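> fold the stuff below for me.
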Amino acid sequence: MTDVNYMPFAIKDCTLITRMAGISTAMNLRELQERIRICPEECLFHHFSETVIRPTFDDPEFHNDFAVWARRQLRDRVLAERLGIINPYKLDSLEELRDVVLDVLEERLSEVNHIPWAPPGQDFQFMQAVTVVFDTGITLDTPQQLCDQLPHMSLSSIYYHFVEARRRGDDKLDDFTLWLQGFGDGISPITDALRGVEFYFVSLWELQKRLVSAVKTALPECAHD
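Predicted structure coming up:
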């Protein structure tokens, strides 16, 4: 592998600090639509993308908070399934995500005979979060070391470097791919393998397994591990 633009890779970890988003809660489907229309982008990101890192999120079927609330509190499985198949990482921006969600809600409102309400005390609370990042003290110098370290990284490190990273650059790439590109064209089998890893609809534990498998398959030096 040719060293084109090599820099050591510093493994980071992270945690979330959540707070109320500063808008009223929603008790029914119409209010949900109205609040989503005006909520901050950070709120949309939290309820669609940061659920995977929250220890309190435990729904195996739906991966965003709106779908979970529609299923559990509004008792509307049709709406939950429509919201649940939205992948925010397939869209160009959070504003496009907002438009897609609003279209789904508007369509559902046109279909129902009465507006679904949540039980008292089960209103949807709009939240947003700040990501606190800290250094683990571990650095990587070679792709082989990435292969060695991936099985031992914390799930929050996996989230930070492979999922959350896509918000930090216009190219929407994960941190591992960006770093590996510095080793030149000879590393393309690994970067291609990482690009092929689907991540949104799986747990972080499953994502870690997929990443380990992808890198081991693409990097012959790892095949014996």
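> which elements pack onto the longest helix anywhere in the chain?
Identified as the longest helix of the chain according to DSSP state H is helix 94-111. Contact analysis of helix 94-111 by 3 or more CB pairs under 8 Å, 6 or more residues apart in numbering; DSSP states H and E lists helix 29-38, helix 41-49, helix 77-84 as its packing neighbours. No exception for glycine: its C-beta is placed from N, CA and C like everyone else's.
> tell me the buried residues in the second one?
By neighbour count with 16 or more other CB atoms under 10 Å, helix 41-49 contains the buried residues 43-49.
> let me know the closest of those to P8.
S49 (27.8 Å; CB to CB).
> list the contacts of the longest strand belonging to the chain.
Ranked by residue count and defined by DSSP state E, the top strand of the chain is strand 127-140. Identification of contacts with strand 127-140 by CB atoms under 8 Å, 6 or more residues apart in numbering yields 8-21, 40, 42-43, 45-47, 50, 146, 149, 154, 157, 160, 164, 179.
> if you set the cut-off to 7 Å instead, what comes out?
Residues from elsewhere that reach strand 127-140 (CB atoms under 7 Å, 6 or more residues apart in numbering): 8-21, 40, 42-43, 46, 50, 146, 149, 157, 160, 164.
> give the buried subset of these as a PyMOL selection command.
Typed into PyMOL, the line below selects the buried ones among the contacts of strand 127-140, using 16+ other CB under 10 Å:
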select buried, resi 9+11+12+13+14+16+21+43+46+50+146+149+157+160+164
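> grab the nearest non-local neighbour of the residue positioned nearest the centre of the chain.
The residue lying closest to the centre of the chain (CA atoms, centre = their mean) is S49, at 3.7 Å. In this structure, S49 finds its nearest non-sequential neighbour in P88, 5.9 Å apart by CB to CB, 6 or more residues apart in numbering.
> for that neighbour, give me its contacts.
By CB under 7 Å, 6+ apart, the contact set of P88 is 48-49, 97.
> need the pLDDT of it.
For P88, the model assigns a pLDDT of 97.
> kindly report the same for D185.
For D185, the predicted pLDDT is 80.
> now swap in E206 and tell me
96.
> now do the same for it: helix, strand or coil?
Classification of E206 using DSSP: H, G, I helix; E, B strand; the rest coil returns helix.
> distance between stretch 80-96 and the chain's centre?
Centroid separation for stretch 80-96 versus its chain: 11 Å, with CA atoms, centre = their mean, to the nearest Å.
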